[in-house]
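Enquirer: Coordinates for the following, if possible.
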Amino acid sequence: MTSDADPDVPRRRLPRSLLLGAALTGLVVAVAVLSLLWTPYPAEQVRVIARLKPPSAANWLGTDHFGRDALSMIMVGARNSLAVAAAAVGIGVLGGVPLGLIAAARRGWPDEGVARMADLLFAFPALLTAILLTALLGPGAINAVLALGVFNVAVLARVTRGAALQVWRREFVRAALALGRGPTAVTVVHVLPNVAGAVIVQATILFAVAILNEAALSYLGLGIQPPAPSWGKMLGDAQTYLFTAPMQAVYPGAAIALAVLGLNLLGDGLRDLLDPRHKATTLG
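Expert: I've put the predicted structure just below:
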């Protein structure tokens with residue numbers, strides 16, 4: 001009997017960055033989901049008598065300057081950070097992808113308008129834009145989401161537009177137009193599926209950026225407000241006690257680094273996996 005697999009056909013394995021990124025991201029998500037069901041202590045429980053305790057059997061990561069359990073705050077902080085980042089990226093996808101598709105399909109003034117809007121927002125760094133908007137709207141998780149989402153709209157609009165313009169030059173799109181299909185039908189049936197890979201990769205990277213920017217906003221007091229735990233706020237509170245309880249700054253910093261690293265690796269892996277040059281290869 002002969003094997004169904006041709007030994008002469010190269011087999012492509014899943015990128016290591018994808019596997020490692022998925023594992024790290026899955027760990028962060030699992031901790032966030034677990035915090036909905038269980039934490040060692042209520043994350044907002046203040047116990048002044050137990051302030052700045054080192055790690056122990058009762059408090060695995062010690063306590064902060066209010067006596068709150070650090071592990072519980074890290075777990076709930078993961079949930080809050082992921083929620084803000086997911087909402088910000090969701091705004092970017094819902095706003096940016098349609099704008100990019102419209103700009104590529106209609107050309108003319110819609111295309112010019114989307115390009116100039118993106119240029120205007122890209123003139124300022126994402127964090128600076130978020131600080132400006134939250135300073136105007138006031139601190140809070142909702143305003144942080146809106147501030148980060150506005151920048152994501154511009155990024156995803158530009159990425160979608162660039163990818164869609166390439167698809168519009170393809171022969172199968174021209175054939176669909178020649179058969180009488182309108183721009184809207186061609187966009188939905190042919191263009192959108194072919195730009196989905198680029199959008200997914202960019203959204204994954206923006207997710208990591210949103211977590212980092214949310215932590216920065218909370219560190220400055222413009223993001224998630226107390227008593228809700230936030231990794232950035234934990235860093236801001238811990239800086240006063242760096243010499244007496246340095247690990248209270250290490251824990252949230254490590255959590256931020258782990259989440260951002262996992263999402264960046266996941267984005268790199270997805271980019272390699274969804275690269276059109278590798279479509280015809282077999283995953284092993």
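Enquirer: what comes up buried for the helix or strand hosting Gln166?
Expert: Using DSSP states H and E, Gln166 sits within helix 141-168. Within helix 141-168, the residues that qualify as buried are 141, 143-161, 163-165, 167-168, counting by 16 or more other Cβ atoms under 10 Å. The way it works is simple: take the backbone N, C-alpha and C, and place the C-beta from them, glycine included.
Enquirer: just stretch 241-255 next, same as before
Expert: For stretch 241-255, a neighbour-count test (16+ other Cβ under 10 Å) marks 241, 245, 248-249, 251-253, 255 as buried.
Enquirer: again with stretch 196-213
Expert: For stretch 196-213, by 16+ other Cβ under 10 Å, it's 197-213.
Enquirer: Could you tell me which of those are located in helices?
Expert: Members of these lying in helices (criterion: DSSP state H): 197-213.
Enquirer: and the next helix or strand after the helix holding Gln166 with helix 141-168, angle?
Expert: Sequence-wise, the next helix or strand downstream of helix 141-168 (DSSP H and E) is helix 171-178. Helix 171-178 runs at 90 degrees relative to helix 141-168, counting by axes from the mean of the first three to the mean of the last three Cα atoms, to 10 degrees.
Enquirer: Identify each buried residue in helix 171-178, please.
Expert: 173, 176.
Enquirer: and it, what other elements does it pack with?
Expert: For helix 171-178, the packing partners by 3 or more Cβ pairs under 8 Å, 6 or more residues apart in numbering; DSSP states H and E come out as helix 183-186.
Enquirer: so who does the residue nearest to Gly197 when sequence neighbours are not counted touch?
Expert: Nearest non-adjacent residue to Gly197, counting by Cβ to Cβ, 6 or more residues apart in numbering: Leu274, 3.6 Å away. Leu274 makes contacts with 197-198, 200-201, as judged by Cβ atoms under 8 Å, 6 or more residues apart in numbering.
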